[in-house]
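let me see the structure of the following:
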Amino acid sequence: MLELAILGFLYDAPLHGYELRKRITALTGHVRPVAESTLYPAIKRLEKAGLLDRATEPGAVAAPRHVLTLTEDGRQELRRRLRDPMQRDITDENRWFTVLAFLRHLDDAAAQAAVLRRRLAFLEEPASFFYEGDRPLRAEELDDPFRSGILTIARATSGAELAWLRSTIDSLDGSGT
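I've put the predicted structure just below:
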């Protein structure tokens, strides 16, 4: 997901490493903070693969800054990853948000809708965090107010996302692009 976020933010505009790190941290939040020891090796891998370029510019106050720019191959790679995300990118909420943050970079509404349909199918499957045997438990079946709270919050969140997904898919299907 880190590489997808790097490609996505650089698709929008060239950035220096510090600004890129701030934007990725803002997207992933406290759940997955981005350490320099993780970000810079990922940047080097993408640069070595020819997906981004690095240029040195004078710093405003002190040391020179390295500005990162996406190459045409990098743009194509971003679109490829968005068009066909891995299953865990669909099922893991934090990974999904990263895909969703850059899905607009797919120019094809049908391709965007196809990705949203995968998430919709995942959310429509009966699931719970708690089970009795193989049967998923509902919030109303639990005596534990904390576990019941988890399920109540998850149901509300899923309900809002399901409504948004259906509406957006309908809109994309009707867009004719």
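
would you map out the domains in the chain?
1-84, 107-177 (automatic domain parsing).

okay, how far is it across the longest one, tip to tip?
Across its full length, domain 1-84 reaches 13 Å between end residues, using C-alpha to C-alpha, to the nearest Å.

centre of the protein to the edge, which residue is at the far end?
Distance from the centre of the chain peaks at D143, with 35.0 Å (C-alpha atoms, centre = their mean).

against L100, how distant is that one?
Distance of D143 to L100, given as C-beta to C-beta, to the nearest Å: 36 Å. Any C-beta I mention is one placed from the backbone N, CA and C, and that applies to glycine too.

R81 too?
For R81, the distance to L100 - C-beta to C-beta - is 13 Å.

so between the two, which is more surrounded?
The neighbour count for R81 versus L100, taken as other C-beta atoms under 10 Å, is higher for R81 (19 against 16).

please name the nearest non-neighbouring residue to that one.
In space, R81 comes closest to L4 once its chain neighbours are excluded; the distance is 5.5 Å by C-beta to C-beta, 6 or more residues apart in numbering.

buried residues in stretch 20-30?
Using 16 or more other C-beta atoms under 10 Å as the test for burial, stretch 20-30 gives 20-21, 23-25, 27-28.

what about L70, neighbour count?
Residues near L70, counting by other C-beta under 10 Å, number 24.

and the residue nearest to R83 when sequence neighbours are not counted, which of the three is it?
What sits nearest to R83 in space, not counting adjacent residues and going by C-beta to C-beta, 6+ apart, is A111, at 5.2 Å. Here A111 is helix, with the state taken from DSSP: H, G, I helix; E, B strand; the rest coil.

what about A111, neighbour count?
Neighbour tally, A111, other C-beta under 10 Å: 16.

gap between the residue farthest from the centre of the chain and P126?
Separation of D143 from P126 (C-beta to C-beta): 21 Å.

now swap in G17 and tell me
Taken as C-beta to C-beta, the span from G17 to P126 is 44 Å.

more neighbours: which of these two?
For the pair G17 and P126, the greater number of neighbours falls to G17 (17 against 7), based on other C-beta under 10 Å.

quick check: that one touching A63?
No - with contact taken as C-beta atoms under 8 Å, G17 and A63 are classed as non-touching, separated by 11.7 Å.
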